[in-house]
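**Q** structure of the sequence below:
(2 chains, ligands or ions: 1)
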Amino acid sequence: MTTSTDTSTDLEAFRAEVRAWFKANGKRIDDHSAVEEADGETVDYLARARGFMNKLYDAGFSGLSWPKEYGGQSLTMNHQRVFNEEANGYDLQSSPFMVTLGMCAPTLLQYGTEEQREEHIPKMLRGDEVWCQLFSEPGAGSDVAGLTTKAVRDGDEWVINGQKVWTSGAHFSKFGLIVTRTNVDVPKHKGITMFIVDMSSPGVTVRPLRQMSGGSGFNEVFFDNVRVPASNLVGEVDHGWMAAIGTLMNERVSIGAGGGGLGRGSGTPQFDNLSELATHVGKKNDGATRQELASIYVEERLIQILGDRMRAGMKAGKAPGPEGSIAKLSGSELGKRSADMAMTLLAESGQAWTDGDEIAARWAGSLLGSPGGAIAGGTPEIMRNILGERSLGLPKEPQVDRDMPFKDVKTN
Amino acid sequence: MSSMSEEREALRSAVADYLDANYPIDKVQRIADGKEAVPADAWLKLSQGLGLAGLVIPEEFGGQGAGYAELGAVLQEFGRTLAPLPMLSSAALGTLPFLLATDDTVRRPYLEALASGEATAALALTEAAGEWPVTAHETTALQAGENWHVSGSKSFVLDNGGATFYVVSAQTENGVGIFVIDGADVTREALNAIDLTRAQSSISFEKAPAIALAVDAGDTIKQLQELAAILISSEQLGGATAVMNMFVEYAKIRVQFGRIIGSFQAIKHMCANTLVEVEKARGAAEDAADKAAAGQDDLALSASLAKVSCSEAFTNATLTNIRVHGGIGYTWEHPAHLYFRRSRSSSALFGTPAQHREALLVGLGY
Ligand SMILES: Cc1cc2nc3c(=O)[nH]c(=O)nc-3n(C[C@H](O)[C@H](O)[C@H](O)COP(=O)(O)OP(=O)(O)OC[C@H]3O[C@@H](n4cnc5c(N)ncnc54)[C@H](O)[C@@H]3O)c2cc1C
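**A** Sure thing, here's the model as predicted:
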């Protein structure tokens, strides 16, 4: 991974630059008063987070290992690693951009046209364009290929009708990547097409859904004769499944091993937070607490190493493989385990608290967010199927609809 | 998903081929059962053939001059096959103290003898209490003029049936030192080990003549402990990978209820869970070996991370292996128990996962 721009002096200079920048511009995570709704669901939070992304981009710290021609820095994974190390402990305010940077941008880079990449990627890296991922439908969640939202060609345009659901960030997204059904006479995977859709187009209705955590991070999105120019096609007509798989694979790496997308850390180190909490509740020297705390540290580091290795592989030209499912599975398990540990440490004071008790409020937020983390981007069962079948080559689940024309398939 | 260089990959595959040809698992089983013996010259032959005895010994002492990353790759293969040769015990652990020693005139004869495969060495830090990391040494060393004598005992020594010489830690008047004693000067008592493929012993010695490799060597001992944990982790990773492949292959051929059992989600998910653990452990073990190769001097965190994750991945994988194989996996004839045994033994050696977890927190300043 060594290049001419990757000498150790260069890296050390880079480290000093990043450190100085964070010192001047960053917000510490342990500064509890400064932490806001971290799930990035309010438009207000988005505006502040975008301001931070703009600054990060202008300082030359966004898209570190991404190509220069699309607004990145063309640096090495080692620079990314150094950046992550220095960013540790700062609030990166990255959650509103996770879908944009972790999933949509890599999909455009791989499957988009040159015009699409030049037009959008720099704006994505700067935080100016937030995107959403319009995949799931009420009848097609784990089985995304069972989708029924239709796109029909009409001259130079396509007309989209249907409904998407659980779309994170749709209410503040400028664009979305949508997968649609364009052919019902072929098996389900073969008649799917991906488009870029402008979320302000006439006929798009976004209706917020309330999550069990109380927030409204995801939405229902309705498409009523929404017209999309043919130039918004991503990849080929009827062959959008490959691009969709690409998005999903990137999603798994991103959710599991780098919440900020493009290799940035999520900025919420569980070990740091939990060790602080253990001290706070006076359990620092408790043997069982120490063992669990160390296990969480180990998990966190293993996921980081795994993510670094996968991203280094991707950078060297390897598409993210089914191994992304390892990161996804492990990341959500770690989230659950951390929340459980915090609840054990807080005991009664974790389940009810007075106004202004930031610590209890934050951990309650983690607890209520963790089941969603396990479902979003594919459930643990689906991840294990992918690993068993695609990584280990075990026989596929019996599939009744695989070779049937989609119009004959039983749907919800 | 491995980050191995091509050269390392070539070495690994040469070692894999050799071990597959010479130590297939049924032969290892016969050896473990005492029905067959390892030929006396096996190690010497392997050293002459692939140069493994001197893999990490500098070329000027007759070795190959490879680094810890290559050693890690080779140890993965030994872990995969359970070949009962002193690769971990002598070529890795027994050689370490000489690599870390600085006086060439003292270490040269040992390194040359080790590189040729004619001698083997065993590292003996732990005492009967099994404390880790070892802090109190009951073994003592006394200097009389030019000469040193050590007295005491060491336990859980991996020595594949008796090493040519032993490297022991011992308390001197000026800190803890590292000494070499001749195999002929120790009383060796074989231990009953759950691992049937690797001999262990306790050794005792009374005023045994010793050569000092280092005196007041607290830092070196710490380094030895870190490297030992890293090296055994590589071996554990190889074992974990081997059993995973074993049960995944079985899950692809065994039919019950008219279906291949690997198509049952319960089995598929057990396989996937192992893959998740093994790939994460691989990251930790290879990362630690790379850091050792790069000469990073404080390896404590990486070492503990590798030891915890590889111990757990290996331990869990060996149990899954038995489960996926059903009744056949619980028979003496099936190799599953050899790996199960190895995993429990390796997990306890050079620090249990619990000991390393505690060490991690202390290392992090918590
Ligand atoms: C917080 C959150 C954010 C999300 N954000 C987005 C987004 O931005 N864009 C988007 O497109 N989608 C998004 N989703 C949707 C998410 O991808 C789906 O909810 C998820 O894939 C599961 O689909 P489902 O809800 O239809 O459940 P189902 O597929 O109906 O699953 C129900 C149960 O059946 C199990 N199951 C299903 N199939 C199998 C099988 N083959 N083998 C074994 N078990 C099976 C599942 O594991 C689960 O336990 C989000 C979801 C959440 C919770």
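
**Q** okay, how far is it across stretch A:54-74, tip to tip?
**A** 18 Å (C-alpha to C-alpha, to the nearest Å).

**Q** looking at chain B, which residue is nearest the ligand?
**A** Nearest to the ligand, among the residues of chain B, is B:Gln265, at 6.0 Å (C-beta to the nearest ligand atom). Every C-beta, even on glycine, is put in place using the N, C-alpha and C of the backbone.

**Q** residues in contact with that residue?
**A** Contacts for B:Gln265 (C-beta atoms under 8 Å, 6 or more residues apart in numbering or on different chains) come out as A:Glu381, A:Arg384, A:Asn385, A:Glu397.

**Q** redo those residues as JSON lines? Include secondary structure and distance to chain B.
**A** Listed next are the contacts of B:Gln265 as JSON lines, based on DSSP: H, G, I helix; E, B strand; the rest coil; distance: C-beta to the nearest C-beta, whole Å:
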{"residue": "A:Glu381", "secondary structure": "helix", "distance to chain B": "7"}
{"residue": "A:Arg384", "secondary structure": "helix", "distance to chain B": "4"}
{"residue": "A:Asn385", "secondary structure": "helix", "distance to chain B": "7"}
{"residue": "A:Glu397", "secondary structure": "coil", "distance to chain B": "7"}
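
**Q** could you list which of the residues you listed also contact the ligand?
**A** The subset of the contacts of B:Gln265 within reach of the ligand, by C-beta under 6 Å from any ligand atom, is A:Glu381, A:Asn385, A:Glu397.

**Q** and those, which are buried?
**A** Among the ones next to the ligand among the contacts of B:Gln265, the ones that count as buried by 16 or more other C-beta atoms under 10 Å in any protein chain shown are A:Asn385.

**Q** how much space between the closest residue to B:Tyr18 other than its chain neighbours and B:Glu286?
**A** Closest residue to B:Tyr18 in three dimensions, ignoring its sequence neighbours and counting by C-beta to C-beta, 6 or more residues apart in numbering or on different chains: B:Leu50, at 6.1 Å. From B:Leu50 across to B:Glu286, the span is 21 Å (C-beta to C-beta, to the nearest Å).

**Q** neighbour count winner among the two?
**A** B:Glu286 (24 against 17; other C-beta atoms under 10 Å in any protein chain shown).

**Q** and the more buried one, backbone torsions?
**A** phi -70, psi -30 (degrees, to the nearest 10).

**Q** my read is that it contacts B:Leu75, right?
**A** No. Contact between B:Glu286 and B:Leu75 fails when scored by C-beta atoms under 8 Å: they sit 11.4 Å apart.

**Q** surely B:Ile178 is in a strand?
**A** Yes. Judged by DSSP: H, G, I helix; E, B strand; the rest coil, B:Ile178 forms part of a strand.

**Q** number of residues surrounding the residue in chain A that the ligand sits nearest to?
**A** The ligand sits closest to A:Gly141 of chain A, with a gap of 1.7 Å, by C-beta to the nearest ligand atom. Number of residues near A:Gly141 (other C-beta under 10 Å) recorded here: 18.

**Q** state the distance from A:Ile296 to B:Gly130.
**A** A:Ile296 is 26 Å from B:Gly130, by C-beta to C-beta.

**Q** A:Ile178 now?
**A** With C-beta to C-beta as the criterion, A:Ile178 and B:Gly130 are 61 Å apart.

**Q** more neighbours, the two?
**A** A:Ile178 (30 against 14).

**Q** how about the helices in the stretch 251-400 of chain A?
**A** Along the stretch 251-400 of chain A, counting by DSSP state H, counting those that start in this stretch, helices occupy A:270-280, A:287-315, A:324-346, A:348-351, A:358-375, A:380-386.

**Q** give me the contact status of the first one with chain B.
**A** Yes. Contact check for helix A:270-280 against chain B, using C-beta under 8 Å from any C-beta of the partner chain: residues in range are A:Ser275.

**Q** what about that helix, average pLDDT?
**A** Helix A:270-280 comes out with an average pLDDT of 93.

**Q** which strands and helices lie in contact with that helix?
**A** The contact analysis (3 or more C-beta pairs under 8 Å, 6 or more residues apart in numbering or on different chains; DSSP states H and E) places helix A:270-280 against helix A:287-315, helix A:324-346, helix A:358-375.

**Q** make a markdown table out of the ones you listed and add mean pLDDT and distance to the ligand.
**A** Below are the helices and strands packed on helix A:270-280 laid out as a markdown table (pLDDT from 0 to 100; distance: least, C-beta to the nearest ligand atom, whole Å):
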| stretch | mean pLDDT | distance to the ligand |
| --- | --- | --- |
| helix A:287-315 | 91 | 19 |
| helix A:324-346 | 93 | 10 |
| helix A:358-375 | 90 | 4 |
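
**Q** pick the most deeply packed of the ones you listed.
**A** Of all the helices and strands packed on helix A:270-280, helix A:324-346 has the most neighbours on average by mean count of other C-beta atoms under 10 Å in any protein chain shown, namely a mean of 23.

**Q** send me that one as CSV with only the CA atoms.
**A** Output in CSV follows, covering the C-alpha atoms of helix A:324-346 (Å, rounded to 0.1, in the frame of the first residue of the first chain):
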residue,chain,number,x,y,z
GLY,A,324,-19.1,-7.1,4.5
SER,A,325,-21.7,-9.2,6.2
ILE,A,326,-19.2,-10.1,8.9
ALA,A,327,-18.8,-6.4,9.6
LYS,A,328,-22.5,-5.8,9.5
LEU,A,329,-23.3,-8.7,11.8
SER,A,330,-20.5,-7.9,14.2
GLY,A,331,-21.2,-4.2,14.3
SER,A,332,-24.8,-4.6,15.2
GLU,A,333,-24.0,-7.3,17.8
LEU,A,334,-21.5,-4.9,19.4
GLY,A,335,-24.1,-2.2,19.5
LYS,A,336,-26.5,-4.5,21.3
ARG,A,337,-23.9,-5.8,23.7
SER,A,338,-22.7,-2.3,24.6
ALA,A,339,-26.2,-1.1,25.3
ASP,A,340,-26.8,-4.2,27.4
MET,A,341,-23.6,-3.6,29.4
ALA,A,342,-24.5,0.1,30.0
MET,A,343,-27.9,-1.0,31.2
THR,A,344,-26.3,-3.4,33.6
LEU,A,345,-24.0,-0.8,34.9
LEU,A,346,-26.8,1.8,35.3
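
**Q** tell me what angle that helix forms with helix A:287-315.
**A** 160 degrees (axes from the mean of the first three to the mean of the last three C-alpha atoms, to 10 degrees).

**Q** tell me what helix A:324-346 is packed against?
**A** Going by 3+ C-beta pairs under 8 Å, 6+ apart, helix A:324-346 lies up against helix A:240-257, helix A:270-280, helix A:287-315, helix A:348-351, helix A:358-375, helix A:380-386, helix B:265-293.
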